[in-house]
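Participant: Predicted model and sequence below, questions to follow.
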Amino acid sequence: MIWIALLPVYLIAYRLLRYLTTPLFRRLGFYRYYSPMLFTVRFNQRLYEIHLGTPWDFFLKRNRAKPSRILGFLAAGLHQLCLAIERGELKADCEFRGMVHYLNRESMSRFGFHLRRPNRLEYVLFSLGYLELCLLTTIAHRKLTLIRLSDLWVINFSAAELMVHKDHYEQLSRKLVPDFYSDSGTPLPHLQKSA
């Protein structure tokens, strides 16, 4: 029964540790950023978890963490993922997976994501970070925002499916975050990197 009493302490400690380790994990290559708000974590040889920022990213970039810019950085990150696949930095048969609550079904379909509802374990894992995610969403929307479980989806897509949408990602990112790219079309270093 003591573990139940210690659960809030564990959750706070875990979230604080995650916040503080973001720069270290980024430098060690554990977090691989493709835009200021999009990074991947390698799960196994072929599978990568895709994440849209950590608390560090949101607090560090709170002046840029508006919903339209976040969507633009998602598109820019997906475009950069496509370029990494073309350069051979990621295998052509790799898969990506993530949990999403910030896009509607129509938007996710336009991005080329396959959707499914989370299983029980995924709901439990999501609930561990629920308050933190509500805080980050509140920062982005600049008003108190609670995440509805009905908005929660697990997305997955393959590298090949990602490549089909490469031009769409680039067009959307250039529209929503034009300052991400230089005149030559490459990402600007100070915007590509995150902390």
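Facilitator: Received, thanks. Residues are numbered from 1 along each chain as shown.

Participant: Could you list the buried residues of stretch 32-52?
Facilitator: Across stretch 32-52, burial judged by 16 or more other Cβ atoms under 10 Å covers 32-40, 48, 50-52. No exception for glycine: its C-beta is placed from N, CA and C like everyone else's.

Participant: Now do that stretch, average pLDDT.
Facilitator: For stretch 32-52, mean pLDDT rounds to 92.

Participant: Over to stretch 136-155?
Facilitator: 86.

Participant: Numbering from 12 from now on, please.
Facilitator: Fine by me, first position is 12 from now on; the one you just mentioned is stretch 147-166.

Participant: Can you give the contact residues for it?
Facilitator: 61, 64, 66, 69-70, 73, 76-78, 81, 107-113, 115-116, 119, 124-129, 133-134, 137, 141, 144-145 (Cβ atoms under 8 Å, 6 or more residues apart in numbering).

Participant: if we go to 7 Å?
Facilitator: With contacts defined as Cβ atoms under 7 Å, 6 or more residues apart in numbering, stretch 147-166 is touched by 66, 69, 73, 76-78, 81, 108-113, 119, 124-129, 133, 137, 141, 144-145.

Participant: Enumerate the positions of it that are buried.
Facilitator: So for stretch 147-166, counting by 16+ other Cβ under 10 Å, buried means 147-148, 150-151, 156, 158, 163-166.

Participant: Also stretch 99-114?
Facilitator: Buried, per 16+ other Cβ under 10 Å, within stretch 99-114: 101, 105-114.
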